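Chemist: requesting a structural model of the entry that follows:
(one chain, ligands or ions: 1)
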Amino acid sequence: MRVEGIENVRRILCVFPRYTSSFGTFEYAYPLTAGVQAFMPPQGLLLIAAYLPERWPVRFIDENIRAATSEDFEWAEAVLVSGMHIQRQQMNDICRRAHAHDLAVAIGGPSVSACPDYYPAFDYLHVGELGDATNELIARLARDPSRPGQQVVLKTSDRLDMTRFPIPAYELAEIPRYFLGSIQYSSGCPYQCEFCDIPGLYGRNPRLKTPQQITAELDKLLECGIMGSVYFVDDNFIGNRKAALDLLPHLVEWQKKTGYVLRFSCEATLNIAKRPEILAGMREAYFCTIFCGIETPDPVALKAMHKDHNMMVPIMEAIETLNGFGMEVVSGIILGLDTDKPETGQHLLEFIEASQIPLLTINLLQALPGTPLWDRLKRENRLIEDEGRDSNVDFRLPYEDVVTTWRACMGSAYQPAKLLERYEYQISHAYKNRLQPPRSPQQSSWKNIKLGLTMLRNIFWKVGVLGDYRIEFWKFALRRLARGEIEYLIASILVAHHLIMFARDASGGHTNASYYSLKLQQASVPAE
Ligand code: SF4
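Modeler: A predicted model of the protein is given here:
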C-alpha cells in the first residue's frame with residue numbers, strides 16, 4: 001500500500017550513499033562483469049519510494065552508480081537519505097550538498113535509528129521502521145517542503161504491518177547494474193548475541209511478509225532485468241522457522257514456473273543444520289549460498305557472546321550438512337573478543353583450512369550503540385572514541401597485536417592458491433549436491449550467452465593475462481573448462497578476485513579492520 005489522502009504534490013529525491021570498500025562490496029569484481037557498478041539495491045529507500053503518495057514524482061540515485069548532480073538537487077523539493085553506520089560520512093555529505101540548494105533533508109534507516117546523535121545537520125530524523133513517523137514526515141513535506149527552523153525527530157511507535165508493505169520501487173533502480181538482487185521476507189531475530197543491534201532495532205519476534213508478496217516482488221525484479229542471484233536480506237532466514245517452511249513451497253513453485261532463472265542466498269543461524277526439512281526445501285528452491293555468523297570456532301567465546309545456538313550442532317558437522325544440501329557457507333568472523341588469546345589467529349587459519357569455507361568476512365569487534373556489548377563495555381570503561389582506531393573497543397590484548405593478527409589472517413587466508421583450493425573443494429563437495437535444474441530458455445538466450453562471453457573475456461584478460469596470480473588462476477580455470485563448468489568458473493573467480501585484491505589492501509594496512517570503523521571512510525567505492 002501507499003500512503004493516502006495527500007493532496008499536494010512534491011518532487012522527492014532519494015539518494016543512497018556510497019559504500020566504503022569492504023568484503024561485501026565486491027567492487028574488485030565489477031570490472032570483470034558486464035557493467036555491474038554496485039552491490040545490492042537498497043531495500044529501505046526503495047520501499048519508502050514506493051510508499052510515497054502515488055502522484056509524487058520520485059527520483060532515485062544510488063551514489064555507488066552515479067553521484068547526485070546539481071540538476072538533481074535543483075529538480076527536487078526535498079531529499080530522503082538512508083543508510084548504515086558505515087555510510088555515515090557519506091550521508092552527512094549528501095545532507096551538506098542538499099542544504100547548498102536550500103533543500104530539506106530527511107534521514108531514515110538503521111544508522112539514524114540506532115544513533116540519532118550522528119546526524120545533527122539533517123532537518124528530519126526518521127527513527128524506526130516504516131509506520132506513523134513516515135506518515136507524519138510525508139504530511140509535513142506535503143504541507144511545507146521548506147527547511148524547518150530546527151531539527152524535527154519523528155519516531156515510529158506504530159509500525160506498518162509488513163503484509164501491507166508495497167513492493168519496493170525496483171523500477172526506479174538500474175537493477176542490471178547490481179551485483180546481486182535483494183529481497184526481504186522477515187525482519188528481526190529471536191536471539192540476543194551480545195554484539196548485535198538487530199534485536200534492539202527490529203525486535204525479537206520476527207515480522208513477516210506473505211509468500212505472495214515475495215513471489216510478486218520476484219516477478220517485479222525479473223521485469224526490471226535481474227539476473228543471477230537474489231539475496232534474502234532477512235536478519236535470520238529461520239528467525240521464524242514455521243514462516244521459512246511456509247515460504248519455501250511458494251519459492252519452489254515460482255522457480256518451476258519461471259525456469260529457475262535465479263539462485264537464492266540468505267543469512268541464517270548455523271543451527272539451521274538441525275532442520276533438514278528446511279534445508280531440503282531450500283535446495284529445491286535453489287538456495288546456493290548461506291551466510292552464517294559463525295563468529296569464532298572457540299566454544300568459550302561463543303558462550304561469552306551469548307551465541308550458544310552456534311553449538312547446537314558441532315560447527316564442522318553443521319558446515320558439512322549445509323554443503324550436503326548444495327549450499328556454500330559464507331562465514332562472519334570476529335577478532336578482538338575478550339576471550340581471544342595470542343594464538344587465536346592461528347586457530348582461525350586452522351579453522352579456515354578445515355572448513356574449506358572460501359569467503360569469511362573477518363572483522364574486528366566493534367561495539368554498536370544499543371547493544372548489550374556497548375552497555376557492558378561502557379560499564380567497564382572500555383569504549384574508546386578515536387577515529388584513528390579500527391575499533392572503539394579497548395581489547396584485552398594490546399590493540400596493535402589484534403590489528404596485526406587481523407592483517408596476518410587476511411594475508412594468509414586469501415592467498416590465491418589457498419582460496420582457489422577452497423573453491424575447488426566447494427565445487428566437488430557442495431556444488432555437486434545442488435539441484436540441477438533444466439536449462440531455461442532465458443539461460444540459453446543469446447543475451448545470456450553474450451553476458452557470459454563478456455565476463456569470460458574480462459576474466460581471461462584481466463586475471464589470466466594481466467593478473468599477477470595467473471598461474472594459480474589457470475590451474476583452476478583449465479579444470480573448469482575441461483569439465484564444462486563455465487558457470488562455476490565465472491562465479492568463483494568474480495568473488496575470489498575481489499577477496500584477493502581486498503585482502504592485499506587489508507594486509508597492507510590500506511583498509512579498515514572493522515566493517516563499522518570510521519577510519520579511512522573517505523576511501524569509498526568510487527561512483528563511476
Ligand atoms: S543470530 Fe545473528 S541476527 Fe540474531 S542476534 Fe545473533 S548476530 Fe544478530
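Chemist: can we go C-alpha only for contacts and neighbour counts from here?
Modeler: Noted.
Chemist: any low-confidence regions in the stretch 101-250 of the chain?
Modeler: For the stretch 101-250 of the chain, no stretch is flagged by pLDDT under 70.
Chemist: can you show me the helices along it?
Modeler: 110-114, 132-143, 198-202, 211-223, 241-258 (DSSP state H, counting those that start in this stretch).
Chemist: now distance to residue 187 and mean neighbour count too, for those helices, in CSV please.
Modeler: Rendered in CSV, the data for those read as follows (distance: least, Cα to Cα, whole Å; neighbours: other Cα atoms under 10 Å):
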stretch, distance to residue 187, mean neighbour count
helix 110-114, 12, 22
helix 132-143, 18, 18
helix 198-202, 6, 19
helix 211-223, 14, 17
helix 241-258, 12, 17
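Chemist: ok, which of those helices comes nearest the ligand?
Modeler: helix 198-202 (5.3 Å; Cα to the nearest ligand atom).
Chemist: which elements pack onto that closest one?
Modeler: When contacts are defined as 3 or more Cα pairs under 8 Å, 6 or more residues apart in numbering; DSSP states H and E, helix 198-202 sits against helix 110-114.
Chemist: one more time with 10 Å
Modeler: Contacts defined by 3 or more Cα pairs under 10 Å, 6 or more residues apart in numbering; DSSP states H and E place helix 198-202 against helix 110-114, strand 186-187.
Chemist: turn these into a markdown table, including distance to the ligand.
Modeler: Below are the helices and strands packed on helix 198-202 laid out as a markdown table (distance: least, Cα to the nearest ligand atom, whole Å):
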| stretch | distance to the ligand |
| --- | --- |
| helix 110-114 | 14 |
| strand 186-187 | 10 |
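Chemist: dump the helices of the stretch 101-250 of the chain to TSV, plus distance to residue 457.
Modeler: Compiled in TSV, the helices of the stretch 101-250 of the chain are given as follows (distance: least, Cα to Cα, whole Å):
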stretch	distance to residue 457
helix 110-114	39
helix 132-143	47
helix 198-202	41
helix 211-223	26
helix 241-258	29
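Chemist: anything in the helix or strand containing residue 265 near the ligand?
Modeler: Taking DSSP states H and E as the criterion, residue 265 maps to strand 262-267. No - in terms of Cα under 6 Å from any ligand atom, no part of strand 262-267 sits within range of the ligand; the closest distance is 8.2 Å.
Chemist: now the angle from that strand to helix 211-223?
Modeler: Taking axes from the mean of the first three to the mean of the last three Cα atoms, to 10 degrees, one finds that strand 262-267 is oriented at 120 degrees with respect to helix 211-223.
Chemist: so for the helix or strand immediately after strand 262-267 in the chain, what gets flagged as buried?
Modeler: Heading C-terminal from strand 262-267, the first helix or strand you meet, by DSSP H and E, is helix 276-284. Neighbour-count burial for helix 276-284, counted by 16 or more other Cα atoms under 10 Å, picks out 278-284.
Chemist: same check, this time on stretch 2-11
Modeler: Buried, per 16+ other Cα under 10 Å, within stretch 2-11: 2-3, 6, 10-11.
Chemist: first-to-last residue distance for it?
Modeler: From its first residue to its last, stretch 2-11 covers 16 Å (Cα to Cα, to the nearest Å).
Chemist: up against the ligand, what does the chain have?
Modeler: So the chain meets the ligand at 189, 191-193, 196, 198-199, 235-236, 269 (Cα under 6 Å from any ligand atom).
Chemist: again, 8 Å this time
Modeler: With Cα under 8 Å from any ligand atom as the criterion, the chain comes near the ligand at residues 188-199, 235-236, 239, 268-269, 292-293, 307.
Chemist: please go through this structure and pick out the longest helix.
Modeler: If you go by DSSP state H, the chain has its longest helix at helix 486-507.
Chemist: now whichever residue of the stretch 251-400 of the chain sits closest to the ligand: phi and psi?
Modeler: Going by Cα to the nearest ligand atom, the ligand is nearest to residue 269 of the stretch 251-400 of the chain, at 5.6 Å. For residue 269, the backbone dihedrals (degrees, to the nearest 10) come out as phi -70, psi 150.
Chemist: who's in contact with residue 501?
Modeler: 26-29, 414-416 (Cα atoms under 10 Å, 6 or more residues apart in numbering).
Chemist: now, the residues you listed that are in helices?
Modeler: residue 416.
Chemist: ok, so of the contacts of residue 501, who is nearest the ligand?
Modeler: Distances from the ligand to the contacts of residue 501, taken by Cα to the nearest ligand atom, are shortest for residue 26, at 21.9 Å.
Chemist: what about the nearest residue to the closest one once chain neighbours are set aside, how many neighbours?
Modeler: The spatially closest residue to residue 26, leaving aside those adjacent along the chain, is residue 498, at 5.6 Å (Cα to Cα, 6 or more residues apart in numbering). Residues near residue 498, counting by other Cα atoms under 10 Å, number 22.
Chemist: report the contact partners of residue 498.
Modeler: 22-30, 32, 414, 504.
Chemist: of those residues, closest to residue 76?
Modeler: residue 25 (28.9 Å; Cα to Cα).
Chemist: residues touching the residue of the stretch 251-400 of the chain closest to the ligand, list them.
Modeler: By Cα under 10 Å, 6+ apart, the neighbours of residue 269 are 189, 191, 235-239, 290-294, 307, 309-310.
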